[in-house]
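[1] Could you work out the structure for the sequence below:
(one chain, ligands or ions: 1)
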Amino acid sequence: MKLFVSLMTFATLVIASSAALAANDNAAPDLVAQGKALVMHGMCHDCHTPKTFGPQGMGFDWSKTLSGYPAAQPLPPMDKQALKPGYWVLGSPDLQAWVGPWGISYAANLTPDEQTGIGLWTADVFIKAMRTGKHMGEGRPILPPMPWEFIKDMSDDQLKAVFAYLKSLPPIKNAVPQPVAPADVK
Ligand code: HEC
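    Next up is the predicted model:
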């Protein structure tokens, strides 16, 4: 009987401590890991991470994770008809530069480099940009095909997690070219 009681006590202790652990997990979720998964499933890499090309086709260059359109990379030859509505929208082979009726847009550097990335942004600036579709939440409109209209429906907590992950990346200096208005496309 005594053994039974102490076993019961032990079992209760084990259950109580795993409940405490679970409660703790909920109270302090790993923001960065959550943000990493959201970025993966939100397909941010498709446009924002540079690519490699080999016999198997396109791959991701994880040494340049989310650093945007490579500054020194020339654009392939372009059919300017794409600047008119109703024609094809063009994407560069790495899906990082786009041509359409809005002109040319280049996927931004999302690493925390202070000059060329989001190093000086706060979570509030990031959330405002994603919710309003304006550069840094108050500037020019963010151009297609950046899918902010879908991203804006993420909760504040999810957007904070995405931002925490972006801030945890190694900063990469890469000054992505400015967008080009249709009239200025050479
Ligand atoms: C289909 C391509 C595409 C996908 C997918 C995409 N982006 Fe973008 N993103 C762009 C392009 C292009 C720009 C530059 C737009 C511009 O210059 O106006 C951009 C710009 C941005 C900017 C800068 C906004 C600003 O205020 O200037 C942020 C931040 C950003 N993207 C975050 C994300 C995140 C986070 C995801 C995934 C949840 C994502 N993007 C998915 C193409 C994409």
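[2] Please identify the residues of the chain in proximity to the ligand?
    The chain comes close to the ligand at residues 39, 42-44, 46-48, 98, 105, 107-108, 110, 129, 135-136, 142-143, 145-147, 151, 162, 179, as judged by C-beta under 6 Å from any ligand atom. (C-beta placed from N, C-alpha, C; glycine too.)
[3] I'd like to know which of those residues are buried.
    39, 42, 44, 47-48, 98, 105, 107-108, 110, 129, 142-143, 146, 151, 162, 179 (16 or more other C-beta atoms under 10 Å).
[4] out of the residues you listed, which are inside helices?
    Judged by DSSP state H, those include 39, 44, 47, 48, 129, 151, 162 as members of helices.
[5] which residues touch the closest residue to the last one other than its chain neighbours?
    When the adjacent residues along the chain are set aside, residue 162 lies closest to residue 35, with 4.6 Å between them (C-beta to C-beta, 6 or more residues apart in numbering). Taking C-beta atoms under 8 Å, 6 or more residues apart in numbering as the criterion, residue 35 is in contact with 160, 161, 162, 163, 164, 165, 166, 168.
[6] how about the third one, what does it touch?
    Pointing back at residue 162 there. Counted by C-beta under 8 Å, 6+ apart, residue 162 has contacts 35, 38, 39, 42, 126, 154.
[7] could you dump the residues you listed to JSON lines with pLDDT and distance to residue 60?
    Listed next are the contacts of residue 162 as JSON lines, based on pLDDT from 0 to 100; distance: C-beta to C-beta, whole Å:
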{"residue": "35", "pLDDT": "97", "distance to residue 60": "18"}
{"residue": "38", "pLDDT": "98", "distance to residue 60": "17"}
{"residue": "39", "pLDDT": "98", "distance to residue 60": "12"}
{"residue": "42", "pLDDT": "96", "distance to residue 60": "15"}
{"residue": "126", "pLDDT": "98", "distance to residue 60": "23"}
{"residue": "154", "pLDDT": "97", "distance to residue 60": "22"}
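[8] closest to the ligand among the residues you listed?
    The closest of the contacts of residue 162 to the ligand turns out to be residue 42 (C-beta to the nearest ligand atom; 3.0 Å).
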